[in-house]
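J.: Provided below are the primary sequence and the corresponding predicted coordinates.
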Amino acid sequence: MAAPLFLLAPPRSYTSLMNAMLGQHPQCFGLPELCLFNVERLVDLWVRSTDEMGSEAKTRHGLLRAVAEIYGGEQTMDSVRMANHWCAARQNLSTGQIYRELVDKIDPLIAVEKSPAYTVDIQRLLRIRETFPDARYLHLTRHPVGQCKSVMSLYDGTFALFVNSIDFLEDRAIVEPQFAWYDLNINILNFLDTIPAERQMRIRGEDVMNDPPKFLGMICRWLGIRDDADALDEMMHPERSPFACFGPLDALFGNDPNFLSGPTFRPHKVKVPSLDKPVPWREDGQSLKPEVVELAREFGY
């Protein structure tokens, strides 16, 4: 079985685009967000146990679309119905067993997945390590200002609210996404401390956006897969992924809705903001917290 590649990053860190680009490599298979390691048993994915964003039906869309595509060769209402039966027959298995079955099915292709929800709790990351001792991990970073602005632009920062990223002021409480940026990256760093150095790589998302061939080629060489022009050209077309669009009505999502609306990569230069100026999502002129600035500098910003 080819060891999977997991992209680890807080949400809104170029993960959807990067996952689709890497998944288009001829030796890889880009999965939608499976969210399997959020829970221990498959049946738990059908039970609402927390108030976390996406813990309802939408959390299962990626898995249903993946099963429909892998076993049915298409994503239609009928194949999603088949996927629901496939899951029902395995409801008491661990999510690790389910994941290994999917990876076995697409072998020898390398499974590529990102589910940002894995970074919310290190126990979820440890389930990955337990299931796939040889997995590789790509820690994808994004500047805190860019990532936080993006979080706040989606459903008014609902994700930050659901992970308790809140600043309590004297007279009120406000959503403050930089706490989540810091906490989730710390979770990733603590987890990666348990992983051998040769099976992990950290890369700035802005660098990949500015020069995709250079950095995608670097990732290919690290993975030990082709880095020729044809392979790189395939990776420049994330829109060709079978999951780079909305699914059928009963499994619409499985990824960031903004990505699903426009999955094509458009070359552009990313401007890296200052770490010292007031942040745009606050009205009180506050800047990034000292610990956020320190971690961002450690990431090369």
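T.: The structure has been received and is ready for your questions.

J.: show me where the stretch 201-301 of the chain has its helices.
T.: Assigned by DSSP state H, counting those that start in this stretch, the stretch 201-301 of the chain shows helices spanning 205-210, 212-223, 229-235, 257-261, 290-298.

J.: and the stretch 1-150 of the chain, by the same measure?
T.: Counting by DSSP H, counting those that start in this stretch, the stretch 1-150 of the chain has helices at residues 15-23, 58-72, 77-88, 95-106, 122-131, 144-153.

J.: elements contacting the fourth one?
T.: Just to be clear, that refers to helix 95-106. helix 58-72, helix 122-131 (3 or more Cβ pairs under 8 Å, 6 or more residues apart in numbering; DSSP states H and E). Glycine gets a C-beta too; all of them are placed from N, C-alpha and C.

J.: for the spatially most central residue of the chain, give its distance to residue 102.
T.: Centroid-nearest residue in the chain, with Cα atoms, centre = their mean: residue 114, separated by 3.0 Å. For residue 114, the distance to residue 102 (Cβ to Cβ, to the nearest Å) stands at 15 Å.

J.: picking up where we left off before, pick the most buried one from the helices of the stretch 1-150 of the chain.
T.: By mean neighbour count, with neighbours taken as mean count of other Cβ atoms under 10 Å, helix 15-23 ranks first of the helices of the stretch 1-150 of the chain at a mean of 26.

J.: next, the angle helix 212-223 makes with that one.
T.: Calculated by axes from the mean of the first three to the mean of the last three Cα atoms, to 10 degrees, helix 15-23 forms an angle of 70 degrees with helix 212-223.

J.: give me the mean pLDDT for helix 15-23.
T.: The predicted model assigns helix 15-23 a mean pLDDT of 97.

J.: hmm, who's touching that helix?
T.: 5, 7, 9, 28-31, 112-114, 116, 138, 140, 205, 208, 212, 216, 219, 235-236, 238-239, 241, 243-244, 255-256, 258-259, 263, 265 (Cβ atoms under 8 Å, 6 or more residues apart in numbering).

J.: circling back: where among the helices of the stretch 201-301 of the chain is average confidence lowest?
T.: helix 257-261 has the lowest average pLDDT among the helices of the stretch 201-301 of the chain, namely a mean of 93.

J.: below-threshold pLDDT in this protein: ranges please.
T.: Applying pLDDT under 70 to the chain flags residues 48-57.

J.: if we use 80, what do you get?
T.: Applying pLDDT under 80 to the chain picks out residues 48-58, 155-164.
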